[in-house]
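K.L.:
Model the following, please.
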Amino acid sequence: MHLVQILLPVYGNDGKALLQETYGGIREYLVAKFGGLTAFTESPAEGLWTQDDQQTKRDEIILIEVMVSEIDRVWWAAYREGLQVRLKQESIVIRALPIEHL
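P.N.:
Below is the predicted model of the structure:
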């Protein structure tokens, strides 16, 4: 079993709210495809990173998680690329972690 995590930015590069119009569709699509999800939306996390120009950039992100038995890497790569286009982002992080039910 794997836990797939999708980190979505709350605001676009222009500072405008990014997920108001798109979050519902993303959520419904993932629930239909995987049978459920967990979304951490109330307290956005803060993401910080430094680029080549050494300036620290900041994002607020929400985390969406789905559990899958097998990882379809081709599907996830295509989904990530589609999100990047849809949300006008240079990069969206989707990562997978192995999990064990206890």
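
K.L.:
Look up phi and psi at Ile99.
P.N.:
With angles defined as degrees, to the nearest 10, Ile99 sits at phi -130, psi 160.

K.L.:
Quick check, it in contact with Gln5.
P.N.:
No: between Ile99 and Gln5 there is no contact, the gap being 11.0 Å when judged by Cβ atoms under 8 Å. (Each C-beta comes from the backbone N, C-alpha and C, glycine too.)

K.L.:
The two: who's more crowded?
P.N.:
Gln5 (16 against 10; other Cβ atoms under 10 Å).

K.L.:
Beta-bridge partners for His2, please?
P.N.:
Val68, Pro98 (DSSP bridges).

K.L.:
And for it, the neighbour number?
P.N.:
Counted with other Cβ under 10 Å, His2 comes out at 15.

K.L.:
cool, Pro98 as well?
P.N.:
8.

K.L.:
what do Ile99 and Gln5 both touch?
P.N.:
By Cβ atoms under 8 Å, 6 or more residues apart in numbering, Ile99 and Gln5 have no common neighbours.

K.L.:
Now Tyr11: closest residue in space that isn't a chain neighbour?
P.N.:
Nearest residue to Tyr11, sequence neighbours excluded (Cβ to Cβ, 6 or more residues apart in numbering): Leu18, at 5.5 Å.

K.L.:
Can you check what pLDDT the model gives that neighbour?
P.N.:
Among the per-residue scores, Leu18 holds a pLDDT of 78.

K.L.:
I'd guessed it sits against Ile26; true?
P.N.:
No: applying Cβ under 8 Å as the test, Leu18 and Ile26 come out as separate, 11.0 Å apart.
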